[in-house]
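[1] Output the structure for:
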Amino acid sequence: MTTLRPKPEAGPEPALHARAMDNLSFIRSTMERATAFTAVPGWGGVAMGVTALAATALANDRPPSEWLAVWLSASVLALAIGGWAMALKARRGGTSVLSYSGRRFVLSYVPPLAVGGLLTLVLVRAGLYTALPGTWLLLYGTGVVTGGAFSVRVVPLMGLCFMALGAIALLAPPGWGEWLMAVGFGGLHIIFGLIIAGRYGG
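    I've put the predicted structure just below:
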């Protein structure tokens, strides 16, 4: 005669494992949200500054349309350098530009630049080329401040310096604009790029 034995009940291990995985996911997500975006590139900023200094030399004493073409080309190149350097630094740090903190940085940084692009079109159509340096410096600085709110402390400080130069450029004599752009897009990028590279790993 066969003896019926009760079927052993499933232990608590699967439920505990699932709960532990949920807790780990929550902890990981919370830590990511609390972490500052540290992939702002120092050496990339230095390269962006060198690009701006080269643009200053190339654009000097050119007609307004050629001056604009030189600076727009330099800005596209500088943004490409900055984006590439940021992605490279993030990868070296075991994270991504598309991480939670990275997305917050980018989504706060881009809108002021988009506004700057739109205002560039409006000012050029009105022939107000002398207003471009102040507008560019001010809105770029705004983007750095808003994006830098999710990064290390030195980044929003750099943005405030850009904004100060932009305000000066808007109120100063027209001939100052190009040299203030050299100080900002050239000098500030190099100075703060070196600080970031030294303190935050490249």
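[2] Same question for stretch 158-176: list its buried residues.
    Within stretch 158-176, the residues that qualify as buried are 158-159, 161-163, 165-166, 168-170, 176, counting by 16 or more other CB atoms under 10 Å. Yep, even glycine has a C-beta here, placed from its N, CA and C like the rest.
[3] which parts of the lengthiest helix in the chain are buried?
    Taking DSSP state H as the criterion, the chain has its longest helix at helix 64-92. Residues of helix 64-92 classed as buried: 67-68, 70-71, 74-75, 77-78, 81-82, 85-90 (neighbour count, 16+ other CB under 10 Å).
[4] out of those residues, who's nearest G198?
    K89 (13.8 Å; CB to CB).
[5] G201 versus the closest one, what's the distance?
    Here K89 is placed at a distance of 8 Å from G201 (CB to CB, to the nearest Å).
[6] picking that back up, hmm, which of the buried residues of helix 64-92 is lowest in pLDDT?
    Lowest pLDDT within the buried residues of helix 64-92 is found at A90 (80).
[7] List the residues that contact that one.
    Listed by CB atoms under 8 Å, 6 or more residues apart in numbering, the contact partners of A90 are 39, 96-97, 99, 102.
[8] hmm, 6 Å instead?
    Contact analysis of A90 by CB atoms under 6 Å, 6 or more residues apart in numbering lists 39, 96-97.
[9] need those residues in CSV with distance to T146, can you?
    As requested, these are exported to CSV (distance: CB to CB, whole Å):
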residue, distance to T146
A39, 17
S96, 21
V97, 17
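[10] What about the residues you listed, which one has the most neighbours?
    A39 (26 neighbours; other CB atoms under 10 Å).
[11] three-state assignment of that one?
    coil (DSSP: H, G, I helix; E, B strand; the rest coil).
[12] State the distance from it to V154.
    In terms of CB to CB, A39 sits 14 Å off from V154.
[13] Check P64 too.
    Distance from P64 to V154, by CB to CB: 35 Å.
[14] got it, and G116?
    22 Å.
[15] okay, the two: which has more neighbours?
    G116 (19 against 16).
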